[in-house]
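J.: Need the 3D shape of this:
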Amino acid sequence: MAFFHKELTEEKWHGKPFFEQMANVGAEIGRAINWKNKDEKMSKASFERGLELLDLTISDKKNHGSELKELCRLKEVLLDYFYFDNIYCSTDKKWNDYFYLFGYAAAINR
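T.: Below is the predicted model of the structure:
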């Protein structure tokens, strides 16, 4: 996978609070959903940017407590939804609802 966030270092990303990290992942996933029926190339690019941020979030040691299992499962279910058979029965609405909460939490914790 190509690096999309070239200016973003692990150190910089790991300095962000967990809720902010997840809100940013959610913003990219939201863009992927919005582009899904309009422009497949744009949707895929947004999704891959979201995966890049999710991988950085997974690599952050502060998220290796109870969050780590959920983050790894999140990646699995996102990949299933966007690239495979959607065996987990995800929907655009479910993803938007899931990530909305992180955006809200990030906003009230600033």
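
J.: Is residue 41 within a helix or a strand, and which one?
T.: helix 40-59 (DSSP states H and E).

J.: Determine the angle, from 0 to 180 degrees, between the next helix or strand after that helix and helix 40-59.
T.: With elements assigned by DSSP H and E, the helix or strand that comes after helix 40-59 is helix 66-83. When axes from the mean of the first three to the mean of the last three Cα atoms, to 10 degrees is applied, the directions of helix 66-83 and helix 40-59 differ by 160 degrees.

J.: centre of the chain versus the helix or strand that helix 66-83 is followed by, how much separation?
T.: Next in sequence after helix 66-83, counting helices and strands by DSSP H and E, comes helix 92-108. Put simply, helix 92-108 sits 11 Å off its chain's centre (Cα atoms, centre = their mean, to the nearest Å).

J.: Helix 92-108: which residues count as buried?
T.: Going by neighbour count (16 or more other Cβ atoms under 10 Å), the buried part of helix 92-108 is 95, 99, 102, 103, 106. For glycine as for every other residue, the C-beta is placed from the backbone atoms N, C-alpha and C.

J.: re earlier: what is the helix holding residue 41 packed up against?
T.: In terms of contacts (3 or more Cβ pairs under 8 Å, 6 or more residues apart in numbering; DSSP states H and E), helix 40-59 is packed against helix 10-14, helix 18-35, helix 66-83.

J.: All set, thanks.
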